[in-house]
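[1] I'll drop the sequence and a predicted model, then ask my questions.
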Amino acid sequence: MGLIQRIIEAAGIATISVTLSRGISKQVKPPRAVYTGFPLGHPFGFPHQNFRQQQLLRLLLHYLAVLETPGEIVVHKLTQDGDPDKACALCTPSGPPPADRRI
């Protein structure tokens, strides 16, 4: 995303991304990025976590306006240890529940 962001920024449009890997983002150096601590596959948190998703959108809009240093990555751990929603049923080793086969 950082490479695409730079092209968009060159056209005069500000961009910001959610990163799930600080290490990769440090190498790619996107113009602006926020690290959330969410697991891979869940950049905006888990399903039905409306409050956290809205919280992240507000953070992104805030940092889009205030970050000026290119390549800056803001760290916001939005998940907490012991959070019951930290595990996702779709990501468990047993896989997702079987699909409803009715047609």
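    The structure has been received and is ready for your questions.
[2] CA only for contacts and neighbour counts going forward, please
    Noted.
[3] what's the distance between the closest residue to Lys29 other than its chain neighbours and Leu20?
    Leaving out its chain neighbours, the residue that sits closest to Lys29 by Cα to Cα, 6 or more residues apart in numbering is Gly71, at 4.5 Å. Gly71 sits 15 Å away from Leu20, going by Cα to Cα, to the nearest Å.
[4] Of those two, which one has the most company?
    Between Gly71 and Leu20, Leu20 has the larger neighbour count (other Cα atoms under 10 Å), namely 20 against 17.
[5] thought that one was touching Thr36?
    Yes: at 6.8 Å, Leu20 and Thr36 qualify as touching, with contact defined as Cα atoms under 8 Å.
[6] and for those two, which residues touch both?
    Residues touching both Leu20 and Thr36 (Cα atoms under 8 Å, 6 or more residues apart in numbering) are Pro43.
[7] show me where pLDDT drops low in this structure?
    Confidence mapping of the chain against pLDDT under 70 gives the ranges 79-103.
[8] Kindly recompute the last result at 90.
    Low-confidence segments of the chain, defined by pLDDT under 90: 1-3, 6, 22, 26, 28-29, 36-56, 58-59, 66-72, 74-103.
[9] show me where it has strands.
    17-19, 32-35, 72-75 (DSSP state E).
[10] got the buried residues for the last one?
    Meaning strand 72-75. The neighbour-count check on strand 72-75 (16 or more other Cα atoms under 10 Å) flags Glu72, Ile73, Val74 as buried.
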